[in-house]
Every structure is written in C-alpha cells, then in structure tokens.
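*Asks:* Pasting the sequence and the predicted coordinates here, then a few questions.
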Amino acid sequence: MAYIAEYIWIDGTEPTAKLRSKAQVLADDKEPGIWGFDGSSTNQATGDQSDVVLNPVLVTPDPIRGGDNKLVLCETLLTDMTPHPTNTRAKCAASAEQYGDLDTWFGLEQEYTFFEGIAPLGWPDNGFPAPQGGYYCGVGSDEIFGREVVNAHLQACIDAGLHISGINAEVMPGQWEFQIGPVSAPRVADELWLARWMLYRIAEDFLGPKGIPISATLDPKPVAGDWNGAGCHTNFSTTEMRESYDACVAAAEALGAPGKPELHISNYGPGVELRLTGAHETQRFDQFSYGVSDRGASIRIPWQVEKAGKGYIEDRRPNANCDPYVTTQLIIDTVCSAAKS
Ligand code: ADP
Ligand code: MN
Ligand code: MN
Ligand code: MN
C-alpha cells in the first residue's frame, strides 16, 4: 500500500515569499526523505542550474487528505547540502541553538484577511461595510464572515498536531487571527508556515456568498484608510523572563537599544510602515516604546505579567506577512545577547 506525502516549501518570490507544494506517492514502509524541485520556476535558481533540494523539517498527519497521508514541511538546500540563500530557517536554528540555555518560547498571533474576488469576504461590491467597532470577536451573520473556513482550519491544525492555541475574529470584518505557541524556535515558525499553507489550501474548498472560492491573504494593510491592518504579534519569554519581571523589562529595553528598532522594523515584513502608522492599535514604525497593557506601544507588557511579576512580553510590530524564522531569530539575538552581557 501507499500514502501521499505533500511536500511544502517557501519559495524565493520578492518581496514576500510564497508557499509551494507538490505530492509524492510513497510506499507505506518509507518515511518522507530528501526530494527536489525546479528552482528556476520559484525565483530560487537559474535554468541551467535549476535543482534545489527539499529537506523535511516537520512531518505531520495530513488532515486534508486524511488516512495515512502526510504533510511534509521542508527547508531548501543547495545541491551541496548547504542552506539555500532563501533559507532563513538555518540562521534561526543556529541562534536558537547558540542561546539554547535561555530556552526562548514564542507565541505567534497570525492575523489574516479573507477575500472573495477583489473584495474582503462579506464586503459589498461597492462601498464599505459599517465602520469598525462590532466585528472583533463578534457573532452573527451580519458581522462574521468565513467562520466555517476558520473552524475547518482550526480543527486541521489540531489534527496535524500543531500547537495552535486559539482563534478569534478581528477588528476589520473578514479579518481573523489564529495563535501558535508557546513553542521554541525554529519549531514555532515551522508550525506557523505549515498552518499558513493549510489556511490557503482549506479556503480553496469554500465558496463565498458571491459564489467565488475564498482566498486568504497576509497583506499587512489590505484596505487603506480607517481599517485595521494585519499583524503577527510575537509574544516571547526566556527562562529568566518566566521567573522575573525585571527580566521582562530588560528584554523590552534591549529591543529599544540604539540601532535595534531600525534593524527589527526593516525585517518585520514588507509594507510594515503602511501598517505601523500610530493609529489602529499600533506605534509608529519610526518610534519605539513599551508599556503595560499599551496596545499603542511597540512592545506591550500584558497586565497579568505585571501582576504576577513574571511572564512574557509582546512585540506588536511584526507584519502578518513577516517571515517568522527571521522575526524569532532577531528577537533571540537581540534579547539573549543583551541578557548575557
Ligand atoms: P492578545 O491579547 O495580544 O490578542 P493572544 O491571546 O492572541 O493575545 O496571544 C497571546 C500569545 O501569548 C499566545 O499565542 C500564547 O501562546 C503566548 N504566550 C503565553 N505565555 C507565553 C510565554 N510564557 N512565552 C511566550 N509566549 C507566551
Ligand atoms: Mn491576539
Ligand atoms: Mn489580533
Ligand atoms: Mn496581540
């Protein structure tokens, strides 16, 4: 007997990488192994040296095909088995390893927006829905669009064994969030990329009210104007932060040290300055601040953390379209190197 292994990888599309996948049929007694693809079709190679290697990093049950079938998230390698230039995972894994004794955990809040054709799901063809206010965590068909996709995706993430910790409807109608974690890097980023792939794939199977298949986008500002953007708030803690409030404050300070805000912002996803305007629960992209309960700050210290005197902090700056290998790697490098100095 045989099963199907869906190999999934991150391509080299600029400025925002896309997910790609293809399937391999394997005998029941074979584990998914090294494979490859045509990198000249994914902006990862030239036609004369087109082979890029797929190296499995996370293998899960396939909740979409079911049965014994599998999903196989891969990193990309050159044919000499060194990381491909577009492989950001390798550097993330190295930083996590270097500061392994600080055992950094991450909880990623992935926001995204459903579309049906050219408009956000549930929006009228012309004009706008009622202004924001009632949609966040709302209920009722006048406020909530796409719940059946969200529920199918949530169950699929659970069935794949991902550390999904919740979902909620967001402030802009048609916008949603799911959370992965807390888990260490690079695994948390592996799971986020796999959950993104499942979201796109599952949405294919659902029609919107206009009869068009639903799509999901990580566009950080899908509708200009007085509508919330989409982020990927990155909550994190080190061993020390889970034991001490001072360590939580020190981590926030480290992220604000000279040069660090610019370094982080420029790697937190294309279009970050379109989203971090200072309005809509954001701090401006060119300013840095932190505060307890402050959703207008770059970094929020949750009130429960201040109360308990220990816990984690939230970096609110990463865009929905960030690469979580890059964001977690930068946070590890900045926060852990400061903690060690
Ligand atoms: P928000 O109030 O910002 O919407 P969420 O409930 O959506 O918060 O997300 C909070 C995230 O914080 C979750 O993903 C959770 O896994 C994560 N988290 C909780 N505790 C820790 C911790 N000690 N270290 C890192 N992340 C944590
Ligand atoms: Mn949230
Ligand atoms: Mn949110
Ligand atoms: Mn948040």
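*Replies:* Sure, I can see it. Ligands and ions are numbered 1, 2, ... in the order given.
*Asks:* Which positions in the stretch 151-300 of the chain make contact with ligand 1?
*Replies:* With the criterion set to CB under 6 Å from any ligand atom, the stretch 151-300 of the chain comes near ligand 1 through 165, 179, 181-182, 233, 235-237, 242. Any C-beta I mention is one placed from the backbone N, CA and C, and that applies to glycine too.
*Asks:* Dump those into a markdown table; add neighbour count as well.
*Replies:* Compiled in a markdown table, these are given as follows (neighbours: other CB atoms under 10 Å):
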| residue | neighbour count |
| --- | --- |
| Ser165 | 15 |
| Gln179 | 19 |
| Gly181 | 23 |
| Pro182 | 18 |
| His233 | 20 |
| Asn235 | 20 |
| Phe236 | 24 |
| Ser237 | 24 |
| Arg242 | 16 |
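*Asks:* Could you pull up the residues touching the closest residue to Gly146 other than its chain neighbours?
*Replies:* Leaving aside its sequence neighbours, Gly146 sits nearest to Phe114 (CB to CB, 6 or more residues apart in numbering; 4.4 Å). Listed by CB atoms under 8 Å, 6 or more residues apart in numbering, the contact set of Phe114 reads 120-122, 145-146, 149, 174-176, 203, 208, 214-216.
*Asks:* Would you check how far apart Tyr3 and ligand 4 are?
*Replies:* In this structure, Tyr3 lies at 38 Å from ligand 4, with CB to the ion, to the nearest Å as the measure.
*Asks:* ok, that residue touching Val72?
*Replies:* No - counting by CB atoms under 8 Å, Val72 is not a contact partner of Tyr3; they are 11.1 Å apart.
*Asks:* between those two, who's got more neighbours?
*Replies:* Legend: neighbour count by other CB atoms under 10 Å for Tyr3 and Val72, higher for Val72 (26 against 17).
*Asks:* before we move on, back to that, among the contacts of Phe114, which are in strands?
*Replies:* Using DSSP state E, the members of the contacts of Phe114 that fall within strands are 120, 175-176, 214-216.
*Asks:* Can I get these in a markdown table including distance to ligand 4, pLDDT and neighbour count?
*Replies:* Converted to a markdown table, the ones in strands among the contacts of Phe114 look like this (distance: CB to the ion, whole Å; pLDDT from 0 to 100; neighbours: other CB atoms under 10 Å):
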| residue | distance to ligand 4 | pLDDT | neighbour count |
| --- | --- | --- | --- |
| Pro120 | 21 | 97 | 22 |
| Gln175 | 13 | 98 | 27 |
| Trp176 | 13 | 98 | 25 |
| Ile214 | 24 | 98 | 21 |
| Ser215 | 24 | 98 | 17 |
| Ala216 | 19 | 98 | 23 |
